[in-house]
Every structure is written in C-alpha cells, then in structure tokens.
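K.L.:
Provided below are the primary sequence and the corresponding predicted coordinates.
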Amino acid sequence: MKLESYVKGHWTAGSELIEVRSAVTGDVVAEATSGGLDLREALAYARNVGGKNLRKLTFHQRADLLKKLAQYITERKDQLYKLSFQAGATRTDNLIDVDGGIGTLFVYAGKGRRELPNSTFLMDGAVEQLGKTGTFAGQHIVTSLQGTAVHINAFNFPCWGMLEKLAPALLGGVPVITKPATVTSYVAHALARMIAESGILPEGAFQFIVGSTGDLFDHLTCQDVVSFTGSASTSEKLQRHPVIAKEAVRFIAERDSLNAAILAPDAAPGSPEFDLFIKEVAKEMTVKAGQKCTAIRRAFAPKAHVEAVIEALRDQLDKVVIGNPELENVRMGPVVGLDQRRDVLAHVKTLRTEAQLVAGDPENFDVQGADVLRGAFIPPLLLHCADPVHAAHVYSVEAFGPVSTVMGYGDLDEAIALTNRGGGSLVASVYTHDPKVASNLVFGVSSFHGRLVMIDRDCAREQTGHGSPMPQMVHGGPGRAGGGEELGGVRSVHHYMQRTALQGSPAMLTGITGSWTKNAPIVEKDRHPFRYHFEDLDIGQTFHSKERTITLDDIEHFANFTGDTFYAHMDEEATKGHPFFPGRVAHGYLLLSFAAGLFVDPDPGPVLANYGLDSLRFTKPIQPGETIKVRLTAKDKSPRNKQYGEVRWDVEILTDKGESAATYELLTMNAVRPQA
Ligand code: NAP
C-alpha cells in the first residue's frame, strides 16, 4: 500500500518513502510517501477555493454535508476496521475510533441544524444601546475565518482524531488540511480516500498530507488555525515556530495528560462505587492498550483501601486476553509499534524508581494468535507508589500504554493536592455516592481539569466512561494537557470564527445583519404582517395593535379559569408593602394571552404555527384599569426548507402611556409562497 497526499484535488506521491509496520506482526503494511509538496500552494488553494466555497453555504447546508459524509463513511466502515486491526485495535477499540468518529459527524450535523441559524454568520448576544437616545448601538457578530484549519493528529485515533476536528471546522466554514501521525497513516489514508471519493465536500474543503508538514508553518497567517493533538514535546516545538508568534496564529493544543481516578472515602470495598472504580481503571488500562490521552494514569484511593484496590485490579487484569486484535476473544491488542513499546517500557522503568510493580510482568505473559517477539505487545502493568507525597515521576512521566499507578491518600485535601500535581489534565473521575464529598473534590480540582466524571450506582448503566470525550462536552485541559479545548458542541465551531463588535446606527446594524434592531426604522404596509408569505415579509415590518383595558373581572376570570390564584392577583391586602406590586396585578400570562389576542390575524394564511417565545421579561406590573397595546415587528427570518421558514418577531407590550410592560421574541413558522 503506497500512501499519497491529497493536495489541490489530486493524489500526489511525496519524494521520500517511509515504511509503516503492523503493530501485530511487525511486517511492513504500507509505504508513506512524504515531502516534496508545495504546501504554500495547498494553503492558497484551501483559502481561495475551499474557503470561498464553504463560506457560500449556510450552517444548515454545511451540517447537511456532515450528515451525508457520516452516512457515506458508515456504509464503508468495515474497510477501516480491517486496517485498524494492523494498528493493534480490537473490535471495541474500533467502536471508539471509527464509530466514535462517525458519531461525532452526526452530532455536529444535528447541532448545526438545530442550534445554528440557517445563515452564514452568527449574532452573538443582544444589541447594546451605546448612545443615550438610541441612535448608536452595538451588536457582536461572528464570521468564518478566511484561512485554513491545519489539523495534526496523534497516532492513537486515526479516524476519530481526523473527524472530531473536521466537523467543527467545516461547520464553521473553514477548509481543512489534515495530517495524521505516520505510524497509523494507512488507516487515516483510507478514511481520507473515502472523503475525497465521496465528492460530498465542496472543492478545496479537504486536503490530506501524509508524512512531513514540510514548510507549511512558514506560510500560515492570522486567518489560519492549527489544531494539534500529540505529545507535549511536539506541541511545544510547533508552538515556538516564529510564524505562530508573529501572525498570532490560533493554536489549539491537545497534549498528554496524567489523568486521575479518585475513589472517595465512602466508596469502601463492597460498595457499588468501589466496583465501578475497579472496572473503570481496568478498562482504561486495556482499551486501546492504554494508548488514550484520557486513560487513567493515577488511581487514588483512601490509604485504608489501597490493598483491596490492588487485589481487585489484579483479579480483573489477570483475565485480560492479550493478542491478535482480530480474534473475538482478545481484549487487548499490542501498542502501536515496537518504538512505542520501547518508550512505554522505558517510562515504566522510570516509574519503578518510586513505585512497585504489583500486577503484570513485561518479561512473561501470554499472547494469543500472534508472535510475542514480533508484535508490540505489553501486558497491563499496575504499579503502586507507597509515598505519593514525596514522589515526582508519577506526576510527570506518561507511559502511553497499559500502565497505571495506584496511590493512597490520607484525607480529601490530600487527594485534591495529589490530583492537582498532574499539572493540568484532560479528565478526572470521582467514585462516590455522596454529593458533599463529590462537591469538595470537584471544587478542589476543577480548575486543573477539562472534564470531571462523577461515577456512581445511579448512572452506572448509562455513564459513558472516564475516557470517552463526548462531542457535546468539551475535550481539553489546562497546563500539561495543552490548554486547548475541542468539541463541546457548537463551542468548537467558534474556534474557526472571529467575533467582531459591530457599532453603528440601528438602521445600519439592521441593514448589515438582516436582523431588525430596536430604534431602526419600521416598515408599515396596508396588510397585517401575518398575511405575507415567508419571502414577502420585510424585516422591520410592523403591526401596531388596538388597545385593551384590563379589568378586575378579567384577572379573576383568568385566575379561576387557569387555576392560577396566586395572591398577587387575588388578594389586595396581601400585596400591601410588597416590593414589586402596588396592589393586585394582572398575571404575566394574562398579558401574553391578551397580547396574542391583540396582534393575531385569525384567518388561515401563511403563518403556520407559533412555536415558542424567547427572552421574555415582564418589565412593569399592570393593575386593573390600565390599558395595554402591542407592537409586533418582524426581527429576522431563517429559511428552513422548501415549505416554510422561521420568523422571529420582536414583541413589546406597552401601556397606553407608552411604558413598556413586557418584551419578548415570538417564533413562528411561515409558509413559503406556493410556486405557480
Ligand atoms: P507526537 O509524536 O507528538 O505526534 C503527534 C503528531 O505530530 C503526529 O501527526 C506527528 O507526525 C506530528 N509531528 C511530529 N513532529 C512534527 C513536526 N515537527 N511538525 C509537524 N508535525 C509533527 O504524538 P503521538 O506519538 O502521535 O501521540 C501520542 C501522544 O499524544 C501522547 O502523549 C498522548 O497523550 C497524546 N494525545 C493527546 C490527545 C488529546 O486529545 N489531548 C489525544 C491523543 C493523544 P509524525 O507521526 O509524522 O511524526
């Protein structure tokens, strides 16, 4: 298998050959061709072709592309499984890498459709009035960067790593150049071929570089984003590149991490939480042969339970079948290659200067269906550090394999202090059924962690695991973990976009954003705005209702009809000295109901449904005898499909004296004009 790069829409071989070997047999499985590419041109192509094509699409259209891509890869995922076996991945490991990557695309497709507007930019926050009389205002907008997302991935998740970075970048409208780690690049290459051959992404949106990144960094600009996953040493080297500093290129780093699992004092042996702790530590040591940035490297337990923890873990780890990952009964494959094996064992040697090996023997273990001398096999190795307070390596050495160290702590303060000595981690998990204990631990360690998982009997069946980053939740951590953040739903889309504070007159802001801003001119037409089809409705189109006086009868009728007989509506005496109400007042919901009665145009027409309110505030209590009226203004429109679109209306309930009584945004679905 000869691995080529996909640059400027063509598969191109590099000038140098790198042999890539199977983790299982040690045989050469692929030849990666590296170097000799014009990467300045690749960046220019991404910016000038891919970026322009993507930015023409709305978030919803980009989300649809992600969904199609996810479906396309799903139909072909067996090819990826097959190749991944050579990288040492078992069937379970493939579920995380291949299916996890596809699942991430689906989640971003769904979120893009549901949580982002059907437009090419975002509005961030409310309009800020900046002038006394309302002629000058501010609105933050968020637009796509006009550069390239350069994604550099670690070897352990060739599929998930590529797709979890790809999804938010493409959704944000930024083309991608992705580079896998060479040692598993044959898996990433197969995925890249699928993406390219699918023809789903617009031209220039996706390029793939195998091998060296050459002089790519020399040509980056302030519009590019580098998102790196890998070791701290590579990350530091890349971050020190002069162009990164000079151009202030955004650099997202996901690095190694000495993640902790903390067994709380209440989780004694025999409790469900004790068992969950054992299960999770054993699982994190063996899934992907422990080659997970989120794996549990430090397992903390109360001193009194350390012996029981070691005993229970030994039992679990003894049962792990190591061998050829293609075999059904094999639970753990090899690490990715012989170099990695050497690295892990060297790090274990360092750890053993302050910790004792209590389970597993690297010199003596069984392997099924493979040759232990040719494959990169290591058994799960459990260490016990008896003096964690004075130890150092357990807080600095990452043995990126099936390795973890058990440590005892005295009290919760000590557990917190020892956990934080990891210097910033991706994740920690806490095993307790006591929310007070969990709360102490959480607020003691949260600023050092990107994610905290509380695992107990109540969530045991559904919990997604210490080591699984979820696309909905942020992945990343401070300090040693790189200080980066990925995923977290639409949060990561913002990494590929620029927030800009827009200041100007309300009319100007409305004209630019297409969203009506308070104090901008309104549009009044002869017919009620509800009579206009989606595309015929003007932004700013306004309806002023008639007036209606609210009586005590209205209030009592509403109270008895709905059952809302709260004293402020029913009992004059009880409102005496009330901080908000001068006497009996109308229900807020009564005002909303009357408002609807005042602004609704009742006949069948283009308005199909009211589907909610946003930002509702009651700003002035209304007493019996007061008169209200309503202003309804079309604020913005978001196309949904060929039949209808969403209209957001700015609504204000006013008194006849012009005082504001309530403000909100009403959402309706409006029919598109029928085609002739
Ligand atoms: P690595 O050696 O740092 O390599 C990471 C990536 O950087 C690879 O694609 C590598 O490409 C590339 N690279 C290396 N030198 C480069 C350079 N001078 N210019 C441009 N790219 C360069 O890390 P790894 O061994 O693949 O991964 C294991 C490490 O990643 C572990 O420490 C683990 O904790 C960490 N990790 C972190 C996360 C996270 O989300 N935080 C996830 C997974 C892994 P080549 O392969 O071609 O050298």
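P.N.:
Good, I have the coordinates. Residues are numbered from 1 along each chain as shown.
K.L.:
tell me, how many residues neighbour whatever residue of the chain ends up closest to the ligand?
P.N.:
With Cβ to the nearest ligand atom as the measure, residue 230 is the residue of the chain nearest to the ligand, at 2.4 Å. Just so you know, the C-beta spots here come from the backbone N, C-alpha and C atoms, and that holds for glycine as well. For residue 230, the count of nearby residues is 21 (other Cβ atoms under 10 Å).
K.L.:
cool, residue 568 as well?
P.N.:
Neighbours of residue 568 (other Cβ under 10 Å): 18.
K.L.:
tell me the spacing between the residue of the chain closest to the ligand and residue 187.
P.N.:
16 Å (Cβ to Cβ, to the nearest Å).
K.L.:
excluding sequence neighbours, find me the nearest residue to residue 670.
P.N.:
residue 534 (4.4 Å; Cβ to Cβ, 6 or more residues apart in numbering).
K.L.:
that neighbour touches residue 645, doesn't it?
P.N.:
Yes: between residue 534 and residue 645 there is a contact at 4.2 Å, judged by Cβ atoms under 8 Å.
K.L.:
joint contacts of the two?
P.N.:
Common neighbours of residue 534 and residue 645, counting by Cβ atoms under 8 Å, 6 or more residues apart in numbering, are 637, 639, 670, 672.
K.L.:
and the second one, what does it touch?
P.N.:
Which is residue 639. 118, 534, 645, 646.
K.L.:
just the last one next, same as before
P.N.:
The neighbours of residue 672, taking Cβ under 8 Å, 6+ apart as the test, are 533, 534, 535, 642, 643, 644, 645.
K.L.:
which SSE is the nearest residue to the first one once chain neighbours are set aside in?
P.N.:
What sits nearest to residue 533 in space, not counting adjacent residues and going by Cβ to Cβ, 6+ apart, is residue 673, at 3.9 Å. For residue 673, there is no host helix or strand (DSSP states H and E).
K.L.:
verify the contact between residue 673 and residue 536 for me.
P.N.:
Yes: contact criterion Cβ under 8 Å: residue 673 and residue 536 qualify, at 6.4 Å.
K.L.:
what residues does the stretch 101-250 of the chain put near the ligand?
P.N.:
Selection of the stretch 101-250 of the chain residues close to the ligand by Cβ under 6 Å from any ligand atom yields 152-156, 179-183, 213, 229-231, 234, 237-238.
K.L.:
quick one, domains of this protein?
P.N.:
Domain assignment for the chain by automatic domain parsing gives 2-120+140-252, 259-481, 522-671.
K.L.:
the ones you listed into TSV, with extra columns for mean pLDDT and distance to residue 131?
P.N.:
Shown next, in TSV, are these (pLDDT from 0 to 100; distance: least, Cβ to Cβ, whole Å):
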stretch	mean pLDDT	distance to residue 131
domain 2-120+140-252	95	17
domain 259-481	96	38
domain 522-671	96	19
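K.L.:
could you dump the ones you listed into a markdown table and include distance to residue 498?
P.N.:
Formatted as a markdown table, the domains of the chain follow (distance: least, Cβ to Cβ, whole Å):
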| stretch | distance to residue 498 |
| --- | --- |
| domain 2-120+140-252 | 6 |
| domain 259-481 | 20 |
| domain 522-671 | 21 |
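K.L.:
could I get the full set of helices for the stretch 351-500 of the chain?
P.N.:
Using DSSP state H, counting those that start in this stretch, the helices of the stretch 351-500 of the chain run over 412-420, 435-445.
K.L.:
the ligand contacts on this protein?
P.N.:
152-156, 179-183, 213, 229-231, 234, 237-238, 254-257, 293, 398, 400, 426, 481-482.
K.L.:
mind listing which of the residues you listed are in helices?
P.N.:
Mapping the residues of the chain next to the ligand onto helices (DSSP state H) picks out 234, 237, 238.
K.L.:
neighbour-wise, which of those residues leads?
P.N.:
Neighbour max across these (other Cβ under 10 Å) = residue 238, 18 neighbours.
K.L.:
how much space between the closest residue in space to that residue that isn't next to it in sequence and residue 250?
P.N.:
Distances taken as Cβ to Cβ, 6+ apart place residue 228 nearest to residue 238, at 6.0 Å, with adjacent residues excluded. Per Cβ to Cβ, residue 228 is found 11 Å from residue 250.
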